[in-house]
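K.L.:
Quick one: sequence and predicted model below, then my questions.
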Amino acid sequence: MKIGIDARMYRSGVAGIGRYSQNLIANLFKIDSDDQFVLFMTDEDAEEYQKLKIKNPSPGLVGLGPKNIKIVIANIPHYSIAEQTQLPKIIKKEKVDLMHFLNFNYPVRYRGKFIVTIHDLTLIKFPDTAKKTNVLKRSAFNFVMKKACQNATKVIAISKNTKRDIEDIFHIDANKIKVIYESADDKVFIDVKDSDIDKLKKQYNIDSPNCPLILYVGQYRPHKNLPGLVEAFDKIRNEMPCKLVLVGKPDLAHKRLQESIDKTGKKDDIVMPGFVGDNELACWYKLATVFAFPSLYEGFGLPGLEAMQAGTPVVAANNSVLPEIYEEAAIYFDPFETQDIADKIKSVLLNDKLRSDLIQKGRQRVKQFSWEKMARETLDLYRQIQD
């Protein structure tokens, strides 16, 4: 079978979808030597793919070589008009038997057999999360996502919660949707060195363990509820020394976050390192006393699993997918009540036994997820469709 994969969001800078793309592709190549794969990539994605091959030369990590892998350069930005008009022609030339679009942004004019992965329905449930887009663009996103679900042979949802949203909002038959979980990326934590952690502590003037660290990892978007976390931190900081670290790509349109930081008067205790590479990210997870995830909506909640992988206790919002993924391995709060957020975080900061229990439960919970398992279930779906 000749399988096409839209890997134009493969690069790390695309955050969650980039990590999904990298791990799916690496593990598919690890387990499948029978099928042929065509990766449609931009120059930027292809460059990062080649760098990862050089960094990890083991065939088990990067694939089986040129015999069953072909890279086709498609310098077409995602969410663009060119994606709708030019990409179908590029794919058609390769004559693939099955196409896998790794996000909802598929070209609606594409007439081949395809699978689409839907990570979440944030753009529909929280339209303000994309303030840079106008009403017309948001309508176009919604239209494309709905068409992707309707026209796909099968839809992959990365959680039961996302599956329910697809059923409820787009009225898609439940039998058409396959839940395939993602995983924590354990390779992120392999190369963490004490010297790297010490360097980070010095750079940001962190005095641990005398000053506990509350960590958040993710995008700076309205539905992530970061102002609520900042307000909760303000309450905690009034009672004890601590720092809040917000790791992620800043969103200049999200002015309420900066306003909430300014209001606390504790700007020096709030660290915002921006988007960071895997090694620095691993250092932050290792440094953190607690990981806090106040998001109002998630498709999977990968950062919490990464925190568990690193041995960091997790405190999270009691909504959307988070209880499904974390189960008893996290403490939950009402994300709309800043006092509850503060109380739950503080309970972990001050209770050594609770923190130890959460770390142990987290390490057990994260074992239930595997990128290789995700790839095997995806490959099984490819073959079911082909049969």
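P.N.:
Received it, and whenever you're ready, just let me know what you need.
K.L.:
Please name the nearest non-neighbouring residue to residue 106.
P.N.:
Nearest non-adjacent residue to residue 106, counting by Cβ to Cβ, 6 or more residues apart in numbering: residue 148, 4.9 Å away. Heads up, the C-betas are built off the backbone N, CA and C, glycines and all.
K.L.:
who are the neighbours in contact with that neighbour?
P.N.:
Residue 148 sits next to 101, 104-106, 108, 116, 118, 155 when contact means Cβ atoms under 8 Å, 6 or more residues apart in numbering.
K.L.:
what's the closest of the residues you listed to residue 82?
P.N.:
Using Cβ to Cβ, residue 105 is the member of these that lies nearest residue 82, at 11.7 Å.
K.L.:
State the distance from that closest one to residue 164.
P.N.:
For residue 105, the distance to residue 164 (Cβ to Cβ, to the nearest Å) stands at 22 Å.
K.L.:
same thing with residue 364?
P.N.:
For residue 364, the distance to residue 164 equals 26 Å [Cβ to Cβ].
K.L.:
These two: which has the busier surroundings?
P.N.:
Using other Cβ atoms under 10 Å as the criterion, residue 364 and residue 164 rank with residue 164 on top: 16 against 13.
K.L.:
Which secondary structure element is home to that one?
P.N.:
Using DSSP states H and E, residue 164 falls within helix 160-170.
K.L.:
for the next helix or strand after that helix, packing partners?
P.N.:
Downstream of helix 160-170, the first helix or strand assigned by DSSP H and E is strand 177-179. Judged by 3 or more Cβ pairs under 8 Å, 6 or more residues apart in numbering; DSSP states H and E, strand 177-179 is in contact with strand 154-157, helix 160-170.
K.L.:
who does strand 177-179 pair up with?
P.N.:
Strand pairing for strand 177-179, determined by DSSP bridges: strand 154-157 (parallel).
K.L.:
how far does the strand it pairs with sit from the chain's center?
P.N.:
17 Å (Cα atoms, centre = their mean, to the nearest Å).
K.L.:
Run through who's touching that strand.
P.N.:
Applying Cβ under 8 Å, 6+ apart, the contact partners of strand 154-157 are 115-118, 148-149, 163, 166, 172, 176-180, 378, 381, 384-385.
K.L.:
Narrow the residues you listed to those that are buried.
P.N.:
115-118, 148-149, 163, 166, 172, 177-178, 180, 378, 381, 385 (16 or more other Cβ atoms under 10 Å).
K.L.:
so where do the helices sit in the stretch 101-250 of the chain?
P.N.:
Assigned helices in the stretch 101-250 of the chain, in chain order: 122-125, 135-151, 160-170, 194-203, 226-237 (criterion: DSSP state H, counting those that start in this stretch).
K.L.:
hey, which of those helices is tucked in deepest?
P.N.:
helix 226-237 (a mean of 22; mean count of other Cβ atoms under 10 Å).
K.L.:
Which secondary structure elements does that helix sit against?
P.N.:
With contacts taken as 3+ Cβ pairs under 8 Å, 6+ apart, helix 226-237 sits against strand 213-217, strand 243-247, helix 255-264, helix 338-350.
K.L.:
Throw the ones you listed into CSV and include distance to residue 33 and mean neighbour count, thanks.
P.N.:
Formatted as CSV, those follow (distance: least, Cβ to Cβ, whole Å; neighbours: other Cβ atoms under 10 Å):
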stretch, distance to residue 33, mean neighbour count
strand 213-217, 35, 24
strand 243-247, 38, 23
helix 255-264, 48, 15
helix 338-350, 46, 19
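K.L.:
who wins for proximity to residue 28 among the ones you listed?
P.N.:
Using Cβ to Cβ as the measure, strand 213-217 is the one of these that comes nearest residue 28, at 26.2 Å.
K.L.:
okay, the closest one in CSV with CA atoms only?
P.N.:
Coordinates of each C-alpha in strand 213-217 appear next as CSV, following Å, rounded to 0.1, in the frame of the first residue of the first chain:
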residue,chain,number,x,y,z
LEU,A,213,8.3,26.3,41.3
ILE,A,214,4.8,26.2,39.8
LEU,A,215,5.0,25.3,36.1
TYR,A,216,2.7,25.7,33.2
VAL,A,217,3.5,24.5,29.6
